[in-house]
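requesting a structural model of the entry that follows:
(chains A and B)
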Protein chains: 2
Amino acid sequence: MAMANPKNYFSSNFKLGILGGGQLGKMLLYETRKFDIHTIVMDASEDAPCKIACNEFVLGDLMDFDAVYNLGQKVDVLTIEIENVNVDALEKLEREGMKIYPPTKALRIIQNKAKQKLFYVDKGIPTADFQRFAYKSEIEDSISNGGMKFPFVWKAARFGYDGQGVNVVRKLEDLNGLPEGECITEELVDFKNELSVIVARSVSGEVKCYPVVEMEFHPEANQVEYVICPARIDTKVAQKAQETALRASDALQHVGLLAVELFQTQDDRILVNEVAPRPHNSGHYSIEASYTNQFEQHIRAILDLPLGDTRSKVAGIMVNLVGAEGHTGDVVYENMEEILRLGGVTPHIYGKKQTRPFRKMGHVTIVNEAITEARRIAQQVKETIKVISK
Amino acid sequence: MAMANPKNYFSSNFKLGILGGGQLGKMLLYETRKFDIHTIVMDASEDAPCKIACNEFVLGDLMDFDAVYNLGQKVDVLTIEIENVNVDALEKLEREGMKIYPPTKALRIIQNKAKQKLFYVDKGIPTADFQRFAYKSEIEDSISNGGMKFPFVWKAARFGYDGQGVNVVRKLEDLNGLPEGECITEELVDFKNELSVIVARSVSGEVKCYPVVEMEFHPEANQVEYVICPARIDTKVAQKAQETALRASDALQHVGLLAVELFQTQDDRILVNEVAPRPHNSGHYSIEASYTNQFEQHIRAILDLPLGDTRSKVAGIMVNLVGAEGHTGDVVYENMEEILRLGGVTPHIYGKKQTRPFRKMGHVTIVNEAITEARRIAQQVKETIKVISK
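Numbering: from 1, shown residues only, chains lettered A, B, ... in the order given. Got it, this is the predicted structure:
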């Protein structure tokens, strides 16, 4: 796997492995194509979106030790597009000299939300107060002992993704139906804004920070509805958000992207909510708005190439396309033409043939020189397009 | 092949056929992925760049009647990424009700440079004076009869591509080695600038025009070195260039993109040089600089979707990456890291493993708010990166 010139990736025999073949991976692959980097993707699904864009596709379970280890044997650098992978296999590869980005040490911390929270406390990184539980039943004990008050946030310690595994608990019954396993509870932060900052960190430690973006969640589905860049917040708050994200990045010593989700409290404190060590939904706007989009930046970082410019050319807003309520079946994107008629509107359809309520089917980016105009058009997009079934 | 709702392309059973599997096709396919449009690409090469990004790949000769006709049977709309295709087969498909964009009538005119020139004369579209010859030997006769004077431009009537099939003839010997077949000769225009304007025209006749770009050619290889958007020319000249491009577009009644290459003469006349009915090298800057890039625009036009915004977010300059003289063999992109260190620089490597002098290996786009700064960085890129062999 050793190369004569480790920086000579372009059109060479260098091979990049990617664990996970989903939509994030697919967008990552567009960038590897631009750089002509040979890619091997592993995913458990025969229908993985990446299958059409990678050089080689390996069918395999990301949680299976042997599958992950064997993929590692075939590549020069290994990265992820999803956190839920077999870290034991990655650790063995890393010990054997394999380049794993993010490094397994960071990945282990991030994979488990309890570990992640304890890490923030250890490093003095501000985060919401929390408690750790090995079983859900312990929460009920704590409540009946008077040790906890409603409302609070329940989070599964592992395998959460895109708001899955996160629930607001306002009364005892809200615990019904939640998984029994390891979890944390967090104070329900009364925030002014949910923010996100993406930090890129290269193998040799070059660091660049994207602008602060503002996120609006759907009240029921707990999925992001709008991501607005730049966040419409005070410059000082934005600076504090970037500083906090950079502290998390430095503490984790990750390589590649780190998406840092943050709360801006009513009294303008910044708390780290959680992080993801990969391209992130909150950075999709960057494809159309940034000088260097998050996917290209991740590639640059893990290949130890110089990082690109993280500034924006124009204001960008991202609207998630989720399945409408009451619709399950073959998808139809109603009024697509109407939104294409609006200026600066780019749909990204993920190619899932079946819709169901709140299923993430794609996203639309709206760019404009003026953020107020972008916001106006974004609302129009959201009110116009309908992801329904036939 | 008929569909219930002809505009319902996204994630549906709709199939788009593309003749030609080269680099332009590959960039076109990134956009079909974004829209989740099912694509079938035909190319004669097993190593066609498109193979990795299309849904289905068909190995076939683009000049073969049956191959082209059979592909047409499989798709709902058929487009091209190269002009040199069997138009007889396309005409038969068109007569049978198939949607061929560009329409064969426009394609027939464009495929043959003599036809193209006569068309401009018929339509009163300004173009350089020319003569038409069935055989090269007729040129020699005309010269010895005193009917032609040096210098002039020789162009093969057919199968030219990217400056291939175009030569400046300054003395009789320059004709040696040129093909014997049908050709035209043109006056050598003493131009101030070579310009290009890309016009998009949709099935229902919506028309949008990109800004005028300025082209600089390599003096020997006759390949574009810099494409600069916007062209640094007088507003009135730019307006005249756009008007002329729109006249050509309207006269040809094409569907999809039409790249119109123009000369700005010393006395500020605008002459049409030649046109291409597809995405074009002079529009590559649009991936990074435009609200809607040329590839997405082509897809919108041929699917009769509303056309996107053709304005630029920032100034854009494109540098072609061509193989250095004296180098033939396995390619190395020397100093790639140095250019990635510069702001707003995006390389596009086409994935050819072998370089040779002047072979087009990729392009680099440089974007910046200020065109003077973009131009400075573009020069730095050009002087820094070397496409050499190992």
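
all contacts plus neighbour counts: C-alpha atoms, from now on.
Will do.

list the contacts of the residue nearest to residue A:310 when sequence neighbours are not counted.
Spatial nearest neighbour of residue A:310, chain neighbours left out: residue A:210 (5.1 Å); criterion: C-alpha to C-alpha, 6 or more residues apart in numbering or on different chains. Contact analysis of residue A:210 by C-alpha atoms under 8 Å, 6 or more residues apart in numbering or on different chains lists A:197, A:198, A:199, A:310, A:311.

need the phi and psi values for residue A:210.
Here is the backbone geometry of residue A:210 (degrees, to the nearest 10): phi -80, psi 160.

re the thing from before, in TSV: the contacts of residue A:210, plus neighbour count.
Formatted as TSV, the contacts of residue A:210 follow (neighbours: other C-alpha atoms under 10 Å in any protein chain shown):
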residue	neighbour count
A:197	26
A:198	30
A:199	29
A:310	23
A:311	19
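
now, the residues you listed that are in strands?
Counted as lying in strands by DSSP state E, out of those, are A:197, A:198, A:199.

and the residues you listed near chain B, which?
Among the ones in strands among the contacts of residue A:210, no residue lies close to chain B (C-alpha under 8 Å from any C-alpha of the partner chain).

between those residues, which is nearest residue A:78?
residue A:199 (19.4 Å; C-alpha to C-alpha).

isn't the closest one up against residue A:247?
No: counting by C-alpha atoms under 8 Å, residue A:199 does not reach residue A:247; the two are 10.1 Å apart.

residue contacts, the residue nearest to the spatial centre of chain A?
Here the mean C-alpha position of chain A is nearest to the C-alpha of residue A:280 (C-alpha atoms, centre = their mean), at a distance of 3.0 Å. Taking C-alpha under 8 Å, 6+ apart as the contact definition, residue A:280 lies against A:24, A:259.

need the phi and psi values for it.
According to degrees, to the nearest 10, residue A:280 has phi -140, psi 150.

ok, the residue in the stretch 101-250 of chain A that chain B sits nearest to - how many residues close by?
Of all residues in the stretch 101-250 of chain A, residue A:206 sits closest to chain B, at 11.5 Å by C-alpha to the nearest C-alpha. Applying other C-alpha atoms under 10 Å in any protein chain shown, we find 14 residues neighbouring residue A:206.

so who does it touch?
So residue A:206 contacts A:200, A:306, A:307 (C-alpha under 8 Å, 6+ apart).

by neighbours, which of those residues wins?
Within the contacts of residue A:206, most neighbours by other C-alpha under 10 Å means residue A:200, with 31 neighbours.

pLDDT score for the residue nearest to it when sequence neighbours are not counted?
Nearest non-adjacent residue to residue A:200, counting by C-alpha to C-alpha, 6+ apart: residue A:257, 4.5 Å away. The score at residue A:257 is 98. That number is its pLDDT.

would you agree residue A:257 falls within a strand?
Yes: Residue A:257: assigned to a strand according to DSSP: H, G, I helix; E, B strand; the rest coil.

looks like it contacts residue A:207 (just checking).
No: if you go by C-alpha under 8 Å, residue A:257 and residue A:207 don't touch, sitting 9.7 Å apart.

who has more neighbours out of these two?
For residue A:257 versus residue A:207, the count of surrounding residues by other C-alpha under 10 Å is larger for residue A:257: 30 against 19.

and the more buried one, what is it in contact with?
A:198, A:199, A:200, A:201, A:277, A:278, A:279, A:294, A:297, A:298, A:301.

gap between it and residue B:309?
31 Å (C-alpha to C-alpha, to the nearest Å).

ok, now residue A:63?
From residue A:63 to residue B:309 the distance is 45 Å (C-alpha to C-alpha).

again, but for residue A:34
Counting by C-alpha to C-alpha, the gap from residue A:34 to residue B:309 is 24 Å.

for the stretch 251-390 of chain A, which residues are neighbours of chain B?
A:288, A:291-292, A:305-309, A:313-314, A:331-333, A:337, A:340-345, A:347-353, A:367, A:369.

ok, now which ones touch the residue in the stretch 51-200 of chain A positioned nearest to chain B?
Residue nearest to chain B within the stretch 51-200 of chain A (C-alpha to the nearest C-alpha): residue A:53, separated by 5.2 Å. Neighbouring residues of residue A:53 by C-alpha under 8 Å, 6+ apart: A:26, A:29, A:30, B:52, B:53.

go with 7 Å
Residue A:53 sits next to A:26, A:29, B:52, B:53 when contact means C-alpha atoms under 7 Å, 6 or more residues apart in numbering or on different chains.
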